[in-house]
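Engineer: Pasting the sequence and the predicted coordinates here, then a few questions.
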Amino acid sequence: MIKAIENANGQSIGEPQYAPLIVGTFGSYAVGTARDRHDLDLFVIKETPESPAARARAVQRPLFGILQPLDVHVFTPEEFEDTVYEELSFT
């Protein structure tokens, strides 16, 4: 997955300085029903003190112009675990 989202500069969200624990997809690409105009839905689990908006920007920045449209959700491990039991959660 990380190789698939590497951009032309060789940067990716799998670089050591970013250090995600998990990168995954959800939505239409994950279940094989994506069409030409569907966005790629990514979730990332990462230990970080950053705000949710800053986390998403850190993932979107190296992928800008490479993978679009893109919908990114970045969770800490605790946040991800907390959403598991939510009725409309994708976790």
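Structural biologist: Received, thanks.

Engineer: Which residue ranges of this protein form helices?
Structural biologist: Per DSSP state H, the chain carries helices over the ranges 28-31, 52-63, 77-83.

Engineer: Could you identify which of the ones you listed is most buried?
Structural biologist: helix 52-63 (a mean of 16; mean count of other CB atoms under 10 Å). (C-beta placed from N, C-alpha, C; glycine too.)

Engineer: excluding its backbone neighbours, what's nearest residue 27?
Structural biologist: Nearest residue to residue 27 in three dimensions, chain neighbours excluded: residue 41, at 3.6 Å (CB to CB, 6 or more residues apart in numbering).

Engineer: my guess is that neighbour meets residue 31, correct?
Structural biologist: No: Residue 41 is beyond contact range of residue 31, at 10.4 Å (criterion: CB atoms under 8 Å).

Engineer: Tell me where the model's unsure across this structure.
Structural biologist: 1-17, 66-68, 88-91 (pLDDT under 70).

Engineer: Which residue ranges of it form strands?
Structural biologist: 22-26, 40-45, 70-75 (DSSP state E).
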